[in-house]
Structure formats: C-alpha cells, structure tokens
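*Asks:* need a structure here:
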Amino acid sequence: MADYVIPPPEPKEIDEQNWLQLRDLSERAVLRAHPFEGREQCDNCLYFLNPEADISYCWHPQLRILVGSQWWCQWWEAIPDE
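*Replies:* Residues are numbered from 1 along each chain as shown. Here you go, the predicted structure:
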C-alpha cells in the first residue's frame with residue numbers, strides 16, 4: 001500500500017458536462033462582483049441562503065451556485081418585510 005501513487009487528475013465526462021452547463025449559465029446571467037448602485041447585493045437578496053456569511057448558496061432557479069455576499073445579479077429581489 002505504501003507504494004501506491006495517486007494518478008494525476010484528469011477531467012471526466014461529468015466535468016465536461018458541468019462546464020457546458022455552467023458556461024451556458026454564465027452567458028445568460030449578469031453576475032457582478034460588486035453591488036448594483038451600492039444597495040442591491042447578494043447578502044440582502046431573498047435568494048441568498050445565509051445573509052451572515054461572506055459566501056453562501058444562491059437558490060434562485062436561474063443560478064443555484066455559491067456567490068459572494070457583495071455580489072449582484074439581475075435577479076436580485078428584496079427580502080419581504082414580515
């Protein structure tokens with residue numbers, strides 16, 4: 001067992017499929033690393049799962065990816081008042 005050498009990583013078919021899906025998503029989405037007009041940013045968006053985190057999951061049906069709290073996209077939506 002001590003002689004086992006881990007082979008170098010190589011992309012698999014699933015990696016290529018994921019890349020094609022993410023490339024399509026990135027072409028359709030307007031996702032920016034800075035807030036829009038300083039107010040609309042991911043950490044105060046309805047779809048940002050954990051507003052206290054610097055990075056969290058966006059559960060908007062068009063994205064569903066990890067995003068930064070200071071980011072912004074065209075699907076930003078205010079959190080409704082309770």
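*Asks:* CA atoms for contacts and neighbours, from now on please.
*Replies:* Fine.
*Asks:* Pull up the pairing partners for the helix or strand of the chain with the lowest mean pLDDT, direction included.
*Replies:* The weakest-scoring helix or strand in the chain, judged by mean pLDDT, DSSP states H and E, is strand 31-32 (a mean of 78). Using DSSP bridges, strand 31-32 pairs in its sheet with strand 72-73 (antiparallel).
*Asks:* What's the mean pLDDT across the partner strand?
*Replies:* Averaging pLDDT along strand 72-73 gives 90.
*Asks:* hmm, who's touching it?
*Replies:* 29-36, 40-42 (CA atoms under 8 Å, 6 or more residues apart in numbering).
*Asks:* What subset of these is buried?
*Replies:* 31, 34-36, 40-42 (16 or more other CA atoms under 10 Å).
*Asks:* Could you list which of these belong to helices?
*Replies:* Using DSSP state H, no member of the buried ones among the contacts of strand 72-73 falls in helices.
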